[in-house]
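Novice: When you get a sec, could you give me coordinates for this:
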Amino acid sequence: MPASLRIPGALAPLAAALALSCLSPDAAALSKRDQAAVDALTQRMQSGEARYQSALVKIRNADPAGRRESDAALEDMEDVIAACTKQKGCQLSTMLAGYKRLLKANADASVAAGEDDVDEGGTLDSEGLGADVPEAARAAALLSDDGQRFVKMVQYNPAVQAGIRRWLTDMRGSLIQTHENYQYMRQMMWPQFERAGLPEALLFGIMAKESNGKVHVTSRAGAAGPLQFMFATGKRFGLGDDGSGFDTRYDPRASSEAAASYLNERLGQLNNSIEMSLAAYNGGEGRALRINNASGGRNFWDESVYNQFPAETRDYVPMVIAAAWLYLHPREYGLRFPKIDAKPASLRLSKASSIYELTICLGNGGTREGYMRALRNLNPRYQPSSYLAAGTSLNATVKMVGLYNRWCTQGKRAELAHTLVMSDASNAIVRTGPLTVLPSSDGAVDGTVPTAIAAGEPAGLATPKPAPKKPATPRDYRVQRGETLTDVARKFQCDTKQLAKANGIKAPRYMVKPGQKLKLNGCGP
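Specialist: Below is the predicted model of the structure:
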């Protein structure tokens with residue numbers, strides 16, 4: 001097991017450093033050799049800080065060498081921190097003072113200047129150099145004790161190593177996607193675990209295995225939300241219908257609070273064993289408690305305990321721990337989690353829109369996949385196709401608000417997004433009148449003539465029939481096989497949420513069945 005932990009971000013070893021920073025320096029006088037080593041480390045830290053500041057200037061001047069130099073400076077500062085933890089007489093408080101100065105460097109000014117992500121086709125590295133230092137320092141402060149506590153609570157063994165191998169090979173994309181999703185929701189979820197005294201890495205590991213950070217996931221067994229609560233278990237911990245038809249199992253904040261309470265309850269019953277508590281989370285608390293009591297409280301990895309759990313649970317426990325381990329040690333395994341500009345902000349709609357429409361007009365914004373998943377995760381009450389009234393406030397980020405004000409309130413992209421969302425594929429079908437077949441001598445080469453001529457009307461006098469009037473919107477409609485409530489809403493120009501409310505259909509899934517009769521209140525032009 002490694003002596004020090006890494007955390008996400010450019011300054012990973014800060015976690016271990018901060019965890020040890022409370023130790024008093026050796027009262028005994030330092031030898032000349034130790035003092036020389038401390039002086040050398042201090043000089044390296046000062047040099048690294050100066051290199052980083054110089055690199056910022058180059059980045060602001062669009063010099064490509066700035067990025068390389070800043071990375072090299074940060075890596076050298078990391079090495080100094082790691083060496084300081086092992087050097088007698090080295091005071092971490094002195095070394096970390098440099099990071100406090102970097103927090104004031106406003107290192108992300110270069111990103112703010114390019115908020116709009118290069119126009120239409122280009123890309124911009126949205127990480128923002130300056131995001132490295134402030135976020136890493138903040139993460140270090142939060143995760144120092146957290147990381148150490150997690151290491152003490154779990155057993156690092158070949159099963160966990162096999163899980164790490166899987167996350168880094170076939171499942172690497174899923175792990176990275178989980179991290180991206182989590183960064184948007186972190187400010188909603190992590191405080192719940194922090195207050196409960198649980199490691200953040202554990203929250204990340206559970207979410208990676210359960211849902212990949214997708215809030216609206218529902219399993220075949222009925223588990224729902226980012227942390228996959230079953231209905232009955234969720235109800236015990238305050239989750240379920242909030243009275244408006246919304247199931248709070250899909251709410252990131254509520255589900256993380258419930259998960260923290262659930263895990264602490266299990267830890268109290270299962271000898272503070274993370275592995276046994278995770279086994280209960282996946283395989284059922286009753287089973288876990290029976291096995292624990294029958295074994296006299298033996299460890300999850302004890303053969304007599306391990307073999308009593310189903311294969312799914314035996315796989316689940318090490319996979320969660322492995323994901324949590326990688327969350328704490330990414331760089332050690334050559335894993336780089338993309339940094340997301342996830343500073344929260346409220347987005348107030350200036351005109352009616354839907355999450356689908358917003359996703360199109362916002363563009364990629366320097367992200368890999370755009371903002372569809374982030375908007376859905378941050379606003380779980382709304383279906384992506386539901387039109388939201390002007391004045392509605394959505395949970396978003398500062399970056400999204402800036403892009404919305406530029407691209408979504410007016411202009412060609414806003415109009416295009418609206419056109420695409422309102423398009424109806426059924427309108428692509430062309431319907432023509434019937435043709436009458438006559439002998440080839442009396443008609444065209446293929447033997448057909450317009451119906452009007454076949455009825456005895458001279459071709460020159462034939463006039464086109466007026467287009468039939470568009471039928472009025474019916475009052476009721478029966479759901480066809482394969483149709484969703486959203487399909488029906490689009491077909492009759494309804495608001496999905498209002499249609500659901502008129503028919504007593506609960507959000508957020510809006511389930512309908514073939515043959516179900518719907519009242520089309522408020523639909524139509």
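Novice: Relative to residue 378, how far out is residue 313?
Specialist: For residue 313, the distance to residue 378 (C-beta to C-beta, to the nearest Å) stands at 32 Å. Every residue, glycine included, has its C-beta placed from N, CA and C.
Novice: what are the ranges of the strands in the chain?
Specialist: Residue ranges of the strands in the chain, as given by DSSP state E, are 344-348, 393-397, 436-437, 448-449, 476-478, 517-519.
Novice: what packs against the fifth one?
Specialist: Spelled out, that is strand 476-478. With contacts defined as 3 or more C-beta pairs under 8 Å, 6 or more residues apart in numbering; DSSP states H and E, strand 476-478 has these neighbours: strand 517-519.
Novice: if we can go back for a sec, let's have the strands of the chain in CSV, adding mean pLDDT, distance to residue 49 and mean neighbour count.
Specialist: Shown next, in CSV, are the strands of the chain (pLDDT from 0 to 100; distance: least, C-beta to C-beta, whole Å; neighbours: other C-beta atoms under 10 Å):
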stretch, mean pLDDT, distance to residue 49, mean neighbour count
strand 344-348, 96, 30, 15
strand 393-397, 98, 30, 20
strand 436-437, 63, 89, 12
strand 448-449, 47, 85, 15
strand 476-478, 87, 68, 13
strand 517-519, 89, 65, 15
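Novice: The closest residue to residue 350 other than its chain neighbours: neighbouring residues, count only.
Specialist: Distances taken as C-beta to C-beta, 6 or more residues apart in numbering place residue 409 nearest to residue 350, at 5.1 Å, with adjacent residues excluded. Burial of residue 409 is recorded as 13 neighbouring residues (other C-beta atoms under 10 Å).
Novice: ok, residue 409 touching residue 352?
Specialist: No: contact criterion C-beta atoms under 8 Å: residue 409 and residue 352 do not qualify, at 12.0 Å.
Novice: pretty sure residue 162 is touching residue 321, no?
Specialist: No: taking C-beta under 8 Å as the definition, residue 162 is not a contact partner of residue 321, at 11.0 Å.
Novice: neighbour-wise, which of these two wins?
Specialist: residue 321 (27 against 14).
Novice: Enumerate every residue touching the more buried one.
Specialist: Residues in contact with residue 321 (C-beta atoms under 8 Å, 6 or more residues apart in numbering) are 154, 156, 160, 163, 205, 274-275, 278.
Novice: repeat for residue 499
Specialist: By C-beta under 8 Å, 6+ apart, the residues touching residue 499 are 485, 488-489, 505, 518, 520-523.
Novice: ok, now residue 270?
Specialist: By C-beta under 8 Å, 6+ apart, the contact set of residue 270 is 276-277, 280, 288-289, 292.
Novice: Whichever of those end up buried, select them in PyMOL.
Specialist: To isolate the buried members of the contacts of residue 270 in PyMOL, using 16 or more other C-beta atoms under 10 Å:
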select buried, resi 276+277+280+288+292
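Novice: From the contacts of residue 270, pick the one nearest residue 85.
Specialist: Proximity of the contacts of residue 270 to residue 85 (C-beta to C-beta) peaks at residue 277, which lies at 30.7 Å.
Novice: Looks like that closest one contacts residue 268 (just checking).
Specialist: No: the criterion here is C-beta under 8 Å, and residue 277 misses it with residue 268 at 9.4 Å.
Novice: Name the residues of the longest helix belonging to the chain that are buried.
Specialist: If you go by DSSP state H, the chain has its longest helix at helix 32-60. Buried residues in helix 32-60, counting neighbours by 16+ other C-beta under 10 Å, are found at 34, 37-38, 41-42, 44-45, 48-49, 51-52, 55-56, 58-59.
Novice: try stretch 246-261
Specialist: Buried, per 16+ other C-beta under 10 Å, within stretch 246-261: 246-252, 254-260.
Novice: List just the nearest of these to residue 221.
Specialist: Looking across those and measuring by C-beta to C-beta, the closest to residue 221 is residue 249, at 13.1 Å.
Novice: thought the closest one was touching residue 229?
Specialist: Yes: counting by C-beta under 8 Å, residue 249 touches residue 229, with 4.8 Å between them.
Novice: can you put the contacts of residue 270 in a markdown table and add distance to residue 179 and pLDDT?
Specialist: Below are the contacts of residue 270 laid out as a markdown table (distance: C-beta to C-beta, whole Å; pLDDT from 0 to 100):
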| residue | distance to residue 179 | pLDDT |
| --- | --- | --- |
| 276 | 27 | 97 |
| 277 | 23 | 97 |
| 280 | 26 | 97 |
| 288 | 28 | 97 |
| 289 | 33 | 97 |
| 292 | 32 | 97 |
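Novice: Helices - which of the contacts of residue 270 land there?
Specialist: 276-277, 280, 288-289, 292.
Novice: and these as JSON lines, adding distance to residue 66?
Specialist: Listed next are the ones in helices among the contacts of residue 270 as JSON lines, based on distance: C-beta to C-beta, whole Å:
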{"residue": "276", "distance to residue 66": "50"}
{"residue": "277", "distance to residue 66": "46"}
{"residue": "280", "distance to residue 66": "50"}
{"residue": "288", "distance to residue 66": "53"}
{"residue": "289", "distance to residue 66": "57"}
{"residue": "292", "distance to residue 66": "56"}
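Novice: which stretches of the stretch 401-525 of the chain have low pLDDT?
Specialist: For the stretch 401-525 of the chain, applying pLDDT under 70 flags the ranges 435-473, 524-525.
Novice: residue boundaries of the helices in it?
Specialist: Here the stretch 401-525 of the chain has its helices, by DSSP state H, counting those that start in this stretch, at 412-422, 451-454, 485-491, 496-502.
Novice: Would you map the helices across the stretch 201-350 of the chain?
Specialist: Using DSSP H, counting those that start in this stretch, helices in the stretch 201-350 of the chain cover 231-236, 252-269, 274-283, 285-295, 303-306, 311-328.
Novice: Which strands and helices lie in contact with the third one?
Specialist: Secondary-structure packing of helix 274-283 (3+ C-beta pairs under 8 Å, 6+ apart): helix 200-210, helix 252-269, helix 285-295, helix 311-328.
Novice: Residue 310: neighbour count?
Specialist: 13.
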